[in-house]
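Engineer: Sequence first, predicted model second:
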Amino acid sequence: NGSLGLNTIKRWCKIIRHTGSIQLSTSPGAPRLARASKIIEKVKHKFDGKEMVTTRRLATDYGISKSSAHRILTEDLKLYAYNMTIEPKLTEEHKNKRKRFVYRIGNNIRKEDTMRALFSDEKMFDLDGIYNSQNQRIWVASRDEADEQGGIKIRQKFPEKVMVWLGACSKGVTPLVILGQGTVDHVEYIEKVLPIALKYGNDAFGKHWIFSTGWCETSHSSPNTKMVPG
């Protein structure tokens with residue numbers, strides 16, 4: 001599983017060949033004083049205060065190594081480091097609206113209706129593009145060599161941005177609609193987006209289909225568009 005080195009395994013095999021057995025209940029090295037019961041109890045008490053504590057800070061506070069602090073947390077206290085979860089700030093009104101929406105969908109939308117639904121959303125893009133610092137790496141011998149091979153990402157303070165709309169359904173995707181810069185109001189949405197969505201939906205499904213957006217829902221049963229608050 002990657003936790004044992006090859007030399008350790010070879011040494012164990014040699015002991016078994018010579019003695020016929022092996023005792024691994026105790027470590028052959030010096031005792032690990034850093035993980036003594038007193039230190040473990042202090043670390044446990046520190047976490048009872050609901051503080052945000054790092055292994056680096058624990059190592060500094062108790063005079064132990066960072067790896068020892070990590071072993072105390074994971075092996076002795078059986079703890080796991082979780083990232084903070086970001087959630088939207090919802091009021092009771094928001095929660096009630098979402099519940100009503102779920103009940104309405106559950107009571108009025110059948111499974112086959114979802115195959116005749118056109119879902120859409122808008123996304124803002126800028127000219128700087130997307131850069132993920134977590135996984136976009138360049139493997140080279142030096143920082144200078146990395147810079148020469150495209151290791152510098154130039155970002156503008158106020159890059160040009162464009163809003164793009166796209167719809168998707170069981171039949172495929174709609175033509176792309178470029179809405180320009182800034183926030184899209186209902187006038188621009190009705191003038192530029194709805195004609196594209198209406199034509200695509202009618203061509204794909206005929207007269208009866210569902211149009212769903214991020215801010216409203218529109219039900220099409222005729223060439224006229226009926227807006228229903230989302």
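Structural biologist: Now that the structure is in, tell me what you want to look at. Since the structure is predicted, the reported quantities are computational estimates derived from the model, not experimental observations.
Engineer: Which parts of the protein are strands?
Structural biologist: Using DSSP state E, the strands of the chain run over 117-126, 161-169, 172-173, 177-180, 209-212, 216-220, 226-229.
Engineer: Can you tell me which of the ones you listed is most buried?
Structural biologist: Highest mean neighbour count among the strands of the chain (mean count of other CB atoms under 10 Å): strand 209-212, with a mean of 21. Backbone N, C-alpha and C define where each C-beta goes, glycine included.
Engineer: related to what we said a few turns ago, which of the strands of the chain has the lowest mean pLDDT?
Structural biologist: Confidence, taken as mean pLDDT, is least for strand 226-229 of these (a mean of 37).
Engineer: Asn135 and Lys123, how far apart?
Structural biologist: The spacing between Asn135 and Lys123, counted by CB to CB, to the nearest Å, is 21 Å.
Engineer: just Lys14 next, same as before
Structural biologist: From Lys14 across to Lys123, the span is 62 Å (CB to CB).
Engineer: Please apply the same query to Ala146.
Structural biologist: Separation of Ala146 from Lys123 (CB to CB) stands at 31 Å.
Engineer: what's the answer for Ala36, then?
Structural biologist: Applying CB to CB to Ala36 and Lys123 gives a distance of 55 Å.
Engineer: quick one: low-confidence ranges for this protein?
Structural biologist: Applying pLDDT under 70 to the chain flags the ranges 1-3, 24-34, 49-51, 182-183, 214-230.
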